[in-house]
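Engineer: Provided below are the primary sequence and the corresponding predicted coordinates.
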Amino acid sequence: MTTDYSDTSPNGIHYFRQGWKLVGLPGIRRYVIVPLLVNIVLLGGAFYWLFHRLSQWIPDLMARIPDWLQWLSYLLWPLSVISILLVFSYFFSTIANWIAAPFCGLLAEQLEGQLTGRPLVDNGWIAMFKDIPRIMKRELQKLGYYLPRALGLLLLYLIPGFGQTVAPVLWFLFSAWMLAIQYCDYPFDNHKISFPQMRSALRQHKVTHMQFGALVSLFTMIPVVNLVIMPVAVCGATAMWVDQYRSRLAR
C-alpha cells in the first residue's frame with residue numbers, strides 16, 4: 001500500500017490530518033488498542049484530577065503577582081491557565097509515552113509496512129518485547145535532552161510579570177518541538193537511527209515539525225480528544241517518515 005500526498009503540500013498540518021485517517025486503517029486498529037488504553041487511563045485520570053484543582057491553583061498563582069502588575073490580571077489569568085494546561089498535558093503525555101513506547105514503536109512499524117508494502121524484518125509482538133531494553137534506553141535519551149531545557153523554562157515562571165507572560169509562549173513552542181521529536185522518534189528508532197542523527201534530520205524541516213508538534217500539543221489540552229491523540233500522532237509521524245526520510249535514511 002502506498003500513500004498519496006498530491007492533494008496538499010506535505011507540511012505538518014497535512015501529516016497531522018493523515019494521522020486521523022491512518023489510525024483507522026484495517027490491520028492497524030489492533031495495534032492502536034494498547035496506546036489508546038494507556039492514554040485513556042493515564043491522561044484521562046490526570047485531567048479529571050486537574051480540573052478539580054484549577055479553582056484552587058489559579059487564585060494562589062494570581063496572588064503572587066505584584067500589586068503594580070495587577071492591571072494585567074485580565075491577561076495573566078488566561079495565560080496562567082494555559083501554562084498549567086501546557087505543563088500538565090506535556091508531563092502526563094510524556095509518562096503515557098514512556099509506558100506505551102514499545103507499543104507505539106510496533107504501531108509505527110506495522111503502519112510503515114502497510115504504507116510501503118514492505119513490512120520490516122523481524123516485526124511483530126515477540127520482536128517488540130525483545131526490543132524493550134533498547135526502547136527504554138532511547139526514552140532516557142529523550143528525557144536527558146528534555147529535562148535541562150524544561151527546567152530552564154520553568155525557572156522563568158518565578159520572574160513576576162515577565163515570567164507569566166513570556167514563559168507560556170516559550171513553553172508552547174518547546175512542547176511543540178519535543179512532541180515532534182517524541183512521535184517522529186518511533187519510526188526513526190525502528191530503523192536504529194541514532195537520537196542525535198534523528199534530531200539533525202528533523203531540524204532540516206523544523207517548520208513542518210513545529211506545525212505538527214503544535215497541533216499535537218493543542219489537541220493534548222482538549223478533554224476527550226486528548227484521549228486518542230497518542231496513536232493519531234504516531235500514525236501522522238510515521239507517514240512523515242515514509243514520505244520525507246525513509247528513502248534517504250532507512251536501514
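Structural biologist: Thanks, I have it.
Engineer: Every contact and neighbour count from this point should use C-alpha atoms.
Structural biologist: Fine.
Engineer: which parts of the helix or strand containing W49 are buried?
Structural biologist: Per DSSP states H and E, W49 falls inside helix 29-51. By neighbour count on 16 or more other C-alpha atoms under 10 Å, the buried set for helix 29-51 is 31-32, 34-40, 42-44, 47, 50.
Engineer: do stretch 129-146 as well
Structural biologist: 135, 138-139, 142.
Engineer: Lowest-confidence entry in those residues?
Structural biologist: The member of the buried residues of stretch 129-146 with the lowest pLDDT is I135, and it reads 81.
Engineer: after the one helix or strand in the chain whose mean pLDDT sits lowest, next one along is what?
Structural biologist: When each helix and strand of the chain is scored by mean pLDDT, DSSP states H and E, helix 54-62 comes last, with a mean of 63. The C-terminal neighbour of helix 54-62 among helices and strands, as given by DSSP H and E, is helix 73-116.
Engineer: what's that following helix packed up against?
Structural biologist: Counting contacts by 3 or more C-alpha pairs under 8 Å, 6 or more residues apart in numbering; DSSP states H and E, helix 73-116 packs against helix 29-51, helix 54-62, helix 125-130, helix 132-156, helix 162-190, helix 206-220, helix 229-244.
Engineer: and of the buried residues of stretch 129-146, the nearest to S175?
Structural biologist: Nearest to S175 among these: K142, at 12.8 Å, using C-alpha to C-alpha.
Engineer: Report the contact partners of the closest one.
Structural biologist: By C-alpha atoms under 8 Å, 6 or more residues apart in numbering, the contact set of K142 is 182, 195.
Engineer: Just to check, T238 is in contact with E112?
Structural biologist: Yes - with contact defined as C-alpha atoms under 8 Å, T238 counts as touching E112 (6.5 Å).
Engineer: Those two: who's more crowded?
Structural biologist: Set T238 next to E112 and count neighbours by other C-alpha atoms under 10 Å: T238 wins out with 32 against 23.
Engineer: got a list of what the more buried one touches?
Structural biologist: 108, 111-112, 184, 186-187.
Engineer: mean pLDDT for the helices and strands packed on helix 73-116: which is lowest?
Structural biologist: Across the helices and strands packed on helix 73-116, helix 54-62 has the smallest mean pLDDT, namely a mean of 63.
Engineer: what does stretch 91-110 contact?
Structural biologist: In contact with stretch 91-110 (C-alpha under 8 Å, 6+ apart) are residues 28, 31-32, 34-35, 38-39, 42-43, 46, 119-120, 123-125, 128-129, 131-132, 135-136, 139, 186-187, 189-190, 220, 230-231, 234-235, 238.
Engineer: just stretch 27-42 next, same as before
Structural biologist: By C-alpha under 8 Å, 6+ apart, stretch 27-42 touches 23, 92-93, 96, 99-100, 103-104, 106-107, 110-111, 227-228, 230-231.
Engineer: With that, I have no additional questions.
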